[in-house]
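**Q** Here's my sequence, what's the structure:
(chains A, B, C and D)
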Protein chains: 4
Amino acid sequence: MTRKVCVVVTARPSYSRIKTALIAIREHPDLELQLVLAASALLDRYGRVEEQIHEDGFEVAARVFMVLEGENPTSMAKTTGIGLLELATVMDNLRPDMVVTIADRFETMATATAAAFMGIPLAHVQGGEVTGSIDERVRHAVTKLSDIHFPSTRQAGDRLERMGEAPERVFVTGCPSIDLAAEAAGSRALDFDPFTRYGGVGELLNLDEGYIVVMQHPVTTEYTDARDHALEVLHAVDGSGLNALWFWPNVDAGSDGTSSGIRWFRENHPHARMHFFRNMAPTDFLELLIHSRGIVGNSSVAIRECEFLGVPAVDIGTRQSGRERGANVVPAGYDRGEIQTAILAQADHGRYDSGHLYGDGLAGERIAKHLAEVELTADKRLAY
Amino acid sequence: MTRKVCVVVTARPSYSRIKTALIAIREHPDLELQLVLAASALLDRYGRVEEQIHEDGFEVAARVFMVLEGENPTSMAKTTGIGLLELATVMDNLRPDMVVTIADRFETMATATAAAFMGIPLAHVQGGEVTGSIDERVRHAVTKLSDIHFPSTRQAGDRLERMGEAPERVFVTGCPSIDLAAEAAGSRALDFDPFTRYGGVGELLNLDEGYIVVMQHPVTTEYTDARDHALEVLHAVDGSGLNALWFWPNVDAGSDGTSSGIRWFRENHPHARMHFFRNMAPTDFLELLIHSRGIVGNSSVAIRECEFLGVPAVDIGTRQSGRERGANVVPAGYDRGEIQTAILAQADHGRYDSGHLYGDGLAGERIAKHLAEVELTADKRLAY
Amino acid sequence: MTRKVCVVVTARPSYSRIKTALIAIREHPDLELQLVLAASALLDRYGRVEEQIHEDGFEVAARVFMVLEGENPTSMAKTTGIGLLELATVMDNLRPDMVVTIADRFETMATATAAAFMGIPLAHVQGGEVTGSIDERVRHAVTKLSDIHFPSTRQAGDRLERMGEAPERVFVTGCPSIDLAAEAAGSRALDFDPFTRYGGVGELLNLDEGYIVVMQHPVTTEYTDARDHALEVLHAVDGSGLNALWFWPNVDAGSDGTSSGIRWFRENHPHARMHFFRNMAPTDFLELLIHSRGIVGNSSVAIRECEFLGVPAVDIGTRQSGRERGANVVPAGYDRGEIQTAILAQADHGRYDSGHLYGDGLAGERIAKHLAEVELTADKRLAY
Amino acid sequence: MTRKVCVVVTARPSYSRIKTALIAIREHPDLELQLVLAASALLDRYGRVEEQIHEDGFEVAARVFMVLEGENPTSMAKTTGIGLLELATVMDNLRPDMVVTIADRFETMATATAAAFMGIPLAHVQGGEVTGSIDERVRHAVTKLSDIHFPSTRQAGDRLERMGEAPERVFVTGCPSIDLAAEAAGSRALDFDPFTRYGGVGELLNLDEGYIVVMQHPVTTEYTDARDHALEVLHAVDGSGLNALWFWPNVDAGSDGTSSGIRWFRENHPHARMHFFRNMAPTDFLELLIHSRGIVGNSSVAIRECEFLGVPAVDIGTRQSGRERGANVVPAGYDRGEIQTAILAQADHGRYDSGHLYGDGLAGERIAKHLAEVELTADKRLAY
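**A** Predicted coordinates:
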């Protein structure tokens, strides 16, 4: 019998992290996909992904606006409460056989709690990793609410078992985001003009001179510092003399701080060799990365996809601390000098060897297969 | 500097499990108590505790009605979403330095998520235990959201550490509910008439003949069976020929099933030697227990307080399975014959020796002391 | 082009008041029905109508559990807030061209506010009437949010125009509940046994001796008195010596008071000639009415359907005060003697002539026709 | 006995419209003020008023974050639902004797519905006026939920009575915003530098050359056009050659469209003689107005305060259409040429005579007096 699999996507980056699994679920004869869009995935100012999802041929089963304004810890909690209230209604109406939740954004607690309380078997992608900030608590709490685990790495899988999850429910699949990277890896040259295709604001750069990519997210538990952090990165990138393509931060406490830092810098350095984008199709973004001289910031893309692709990375601050990483990553603190030095060194280094730390390109298919075949049971108990 | 400690009580039984800690917090010179009442603690039909709390001299800082009707898994999830949305507002207005959440009822996820997301250090009482049903997931997810742990037993504390909680944040205090049992343990004879004081419905029994106490909760992940389960217990108790004092179930998916079973039985066995209560002051309830010939059902009181008090217990079904237990407990399935045999054997056995498995009577003071002295830090990370 | 018409049904009685319009919408070539069930329409203890709706061949587009426990004014307000939050999501997903809301239950404010704020033309059935209690405010506030009005009577339509509604948007259609009464009016004899078909509790009465029907709702703005009111009615009906078929109250602040009064009476008068039902198919209920000796209580059925059917009615208290009424209605206060006298007089009177005060039996079709043909415009302004 | 009066302020402009009443309530011996802040009043990007309120010596009884992101009609409805859910809890905890709601912003429906459903007498300031957009429906629906009315004008009061409100509950007090204007009216010269005190962005203008003030809000039922509308105004103001002080729009569907238009214009006309502010203390704003050569846009300030002050006004578009107006107002459509002509004519005209259309400066005191003295009753019924 066909299993209805409800996947809740709450943000632009989450879509990239699940896309190949969505395709594999849609194409699996024993699975039926119910795709739900919620939270910042629906909001223009965080680069909503709805159009991309339609272009990729997916139907949207339900949409839930749930992000409360304020961008502070109170609004994060309330957003999650609204999401829990409403996603329960959505699941009551869609009646899925399984629910899939992705990674560790705060609002995934809503998806996970709804499914667990409603007795719908819950699969969690990307559990068992260790990082800083509130994500850490969310990720492990979601693990404790979940029935089935699809960690990206063996180390993460081991941690899940140490935490008391039953080994027969832990499937190390690799991360679906690496699947996209694997597809893109064959690109020989940048075959589109990002300024024409995506607009954005700032200088129109000559990308033939080489360029770096910057993604700097606010760190939720230190949100008042977000503006200062952004400014250190802005000055360092500016000082490097390299062309830079920036990507706007996603919704989190403090993103206004980051945005405000960026706006201030742009007004006062109108001719900096920077261009700012809000959003980009994942495949185009990967192609930009592949042909870049490196990535700078605190995005997990630098640690995950770029390890597979061999793209040099400068990882700033604590957001990714604790994550398993390959040779391609150099760390830096929130200091413009330190960041600038690291950028220049990495840009000079050139491409690293490709690694398989976070997957080999087949995660999506593995996930769909397990979703179709895993035994569904309601009960769960600490394995020790 | 005084620390403001916000304790959220969401149900009648939770109040008994935290009362001595509330007193100790109120009396501690470095702590200020902010008591919040929510969920079924405010509802008549689950025996609201508001009056008792006022009689005990506590002020209520805020009340939050949040229980959605339906008594099904969907309404459990939605109730928790409403609670999360509103408790965040309450915490934003009260600005506590710490939040305390109790045990593992589903709606404690709201308290825990609100505090964790808002960066307020969260203390969890009664973590690390193993039981059946949705409580299991809630308990361990709350652990993962918490900063400080007050498990009841050493075994529970060890489990918390195996799950990756930092040992220096795990304080085995015993359970505050045992503190109440310790206070009550000196009672020589039943010094009140429960029928006069609490009303209830059913026969007025001659308690001098001896009696048993029955508490049967619906098991949330099997809620459609709640009515059948209740009927097996009703027939077994009736068949035992013993006087029985029943206590009405608390709010959970399926409590209507249990209630419906009880109502059917009462209509069809109008002269059964049973009396039904909705609620009772914890101290009176403990006194009833102490002078009873045993307790029957699936309440944790049978495992926890009654181990300390040496009261014989018949534990029915899976609700308490996995809980550490002393010599006073005999298990039984949902079979009226099996239950009846166990009841009669336990009633004949008489009092067991007192044990200290779940505490020694000083838990409340220990909890307050740790709340006042523990170092408060926002960050948390898996200890391995 | 087909217009999608979203009708939100929030309670058992509302379904009867819209059923013929639902059928006419479903069958109209230019309309597509989107039926949403919410609030007490989904709850067993208020006689949920979901099964009946399925039996009547309707598909349910979405279900929204939204009733907060407490049955007090705070929970009424919060229920409406939850409904507004969630119905907006439902409408965002269903994308109707029009929304229909029914009468004046408090939670209809959620439907009306969602549609009005989302710019979806809102049609209101049964506006412009005058009654007591909170319904009065709800009804007129919904009028002010609505674009199109389907009042039941000419007098109600005139009131809408005096309140500033544009005359070209006011269509006096009669009430769809009268359509059902018109269909049922031809019944020659009671052709089913209500005890067999609907169970219920209480005595199995010999209906050939004649019987009265009782429907007594709590009056929301006086909810603490609900229990006393119920007892006066119970004593009066008991004293009349007539067989009585009671119908349980719907969800409102105070229904627990009414329920508690009924339970007390039943325990203390176990052999009263009364039988209690929770719910009944509208057609069966109408047939019971037609063959009864009268209706007692404070239901609007006594004023509306019974005026058309000529069934004698005793209207108790203030709940229906201000409603236009025909010759079939005799008023009574909350006094058992006064009520009993009125019951006996009406039972002796026998059938009244049929009237057309609230409609002629064609309301449903008229409503569908106007929904299909009315010009849709977003703007609205006071007509003076 | 002292009456507790709960006033819910949900936005920056609402605070100015109620401030003198807040002061009068605070100082009245028989009243106790409970000030609740909610919605955009708490949000930085709409110029939150919390600091001003503290500086004005008010204590805040509760804060409720409730604005859902999206700035579309769905999020407006959901915001109001969240507000209704949470304001009911706030009122349940504060237990006011009366609630005051202000004017016609969409989220005032939350305040009004909560109070009405909870049986708390509701007073409405600024009812009975006629304007365009969703405000029109909100205003009249709030009237229908209210017990006591404080309209600004006699004409508005008459409309309330025509709508069926009891004349003895309608008190024409004038608008409290005029009280602030009356206090400010004596100012001889601009005694502060707005650029120093409030920052903002854009050119530092020489205000001695004269200047105009611009406030252009998005029109909620046409929100997709907000950007185009903003651009017509921007070009017209630019073309007038006058210095212009702009004030940023408040939270409403479409404010991002307006903001986006402003940002685009600034990037492409970096040297326009414009300066943009987010917020200003009401008294400073009034002083700026008094010494300006006119006000341009669609704010009601142009119609209300400026009529009292005699400041020339250009009223653009439909947002204020239907409002009573004095000689000081000239209308214009969304056409840059038409707007520019009107601006130049009004700037040349100079000050108009002061009028008392919207009040004489004593509204706050009158409101407090009526709140203290009006008879409180729960019931309400259409007066015809």
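
**Q** any chance you could map the helices in the stretch 1-150 of chain A?
**A** Ranges of helices in the stretch 1-150 of chain A, per DSSP state H, counting those that start in this stretch, are A:12-16, A:19-27, A:50-55, A:73-94, A:108-117, A:133-145.

**Q** Which neighbouring elements make contact with the third one?
**A** Translated: helix A:50-55. strand A:31-38, strand A:60-64 (3 or more Cβ pairs under 8 Å, 6 or more residues apart in numbering or on different chains; DSSP states H and E). In short, each C-beta sits where N, CA and C put it, glycine included.

**Q** repeat for the shortest one
**A** Helices and strands touching helix A:12-16, as assessed by 3+ Cβ pairs under 8 Å, 6+ apart, comprise helix A:282-290.

**Q** list the buried ones in the helix it packs on?
**A** A:282, A:283, A:284, A:285, A:286, A:287, A:288, A:289, A:290 (16 or more other Cβ atoms under 10 Å in any protein chain shown).

**Q** How is residue A:330 assigned, secondary-structure-wise?
**A** Secondary structure, DSSP: H, G, I helix; E, B strand; the rest coil: residue A:330 is strand.

**Q** any idea which helix or strand carries the closest residue to it other than its chain neighbours?
**A** Leaving aside its chain neighbours, residue A:330 sits nearest to residue A:342 (5.0 Å; criterion: Cβ to Cβ, 6 or more residues apart in numbering or on different chains). Using DSSP states H and E, residue A:342 maps to helix A:336-349.

**Q** Could you pick out the residues of the stretch 251-384 of chain A near chain B for me?
**A** Applying Cβ under 8 Å from any Cβ of the partner chain, one finds that the stretch 251-384 of chain A approaches chain B through A:322, A:378, A:379, A:380, A:381, A:382, A:384.

**Q** Confirm the first one sits in a strand?
**A** No. Read with three-state DSSP, residue A:322 is coil and lies in no strand.

**Q** OK, contacts around the closest residue to it other than its chain neighbours?
**A** Nearest residue to residue A:322 in three dimensions, chain neighbours excluded: residue A:130, at 4.0 Å (Cβ to Cβ, 6+ apart). Residues counted as contacts of residue A:130 (Cβ atoms under 8 Å, 6 or more residues apart in numbering or on different chains) are A:136, A:159, A:322, A:323, B:381, B:382.

**Q** mind redoing it with 7 Å?
**A** Going by Cβ atoms under 7 Å, 6 or more residues apart in numbering or on different chains, residue A:130 touches A:136, A:322, B:381, B:382.

**Q** Please report how far residue A:248 lies from residue D:186.
**A** 48 Å (Cβ to Cβ, to the nearest Å).

**Q** is residue A:170 in a bridge, and if so with what?
**A** For residue A:170, the beta-bridge partners are residue A:149 (DSSP bridges).

**Q** Test my guess that it contacts residue A:150.
**A** No. Using Cβ atoms under 7 Å, residue A:170 is not in contact with residue A:150, being 8.5 Å away.

**Q** For the two, work out which one has more neighbours and name it.
**A** Neighbour count, other Cβ atoms under 10 Å in any protein chain shown: between residue A:170 and residue A:150, residue A:150 has more, with 28 against 20.

**Q** that older thread, which one of the helices of the stretch 1-150 of chain A lies closest to residue B:225?
**A** helix A:108-117 (18.3 Å; Cβ to Cβ).

**Q** contacting residues around the residue nearest to residue A:330?
**A** For residue A:342, the contacting residues are A:314, A:330, A:332, by Cβ under 7 Å, 6+ apart.

**Q** and which of those residues is nearest chain C?
**A** Distance to chain C, by Cβ to the nearest Cβ, is smallest for residue A:314 among the contacts of residue A:342, at 41.5 Å.

**Q** Would you mind naming the residues that bridge with the closest one?
**A** residue A:296, residue A:330.

**Q** Quick check: the gap between it and residue A:303.
**A** Distance from residue A:314 to residue A:303, by Cβ to Cβ: 11 Å.

**Q** Redo the residues of the stretch 251-384 of chain A next to chain B as TSV? Include neighbour count.
**A** Output for those, formatted as TSV (neighbours: other Cβ atoms under 10 Å in any protein chain shown):
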residue	neighbour count
A:322	14
A:378	12
A:379	14
A:380	24
A:381	16
A:382	21
A:384	12
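
**Q** Those residues: which two are farthest apart?
**A** The widest separation within those (Cβ to Cβ) is 33.0 Å, between A:322 and A:378.
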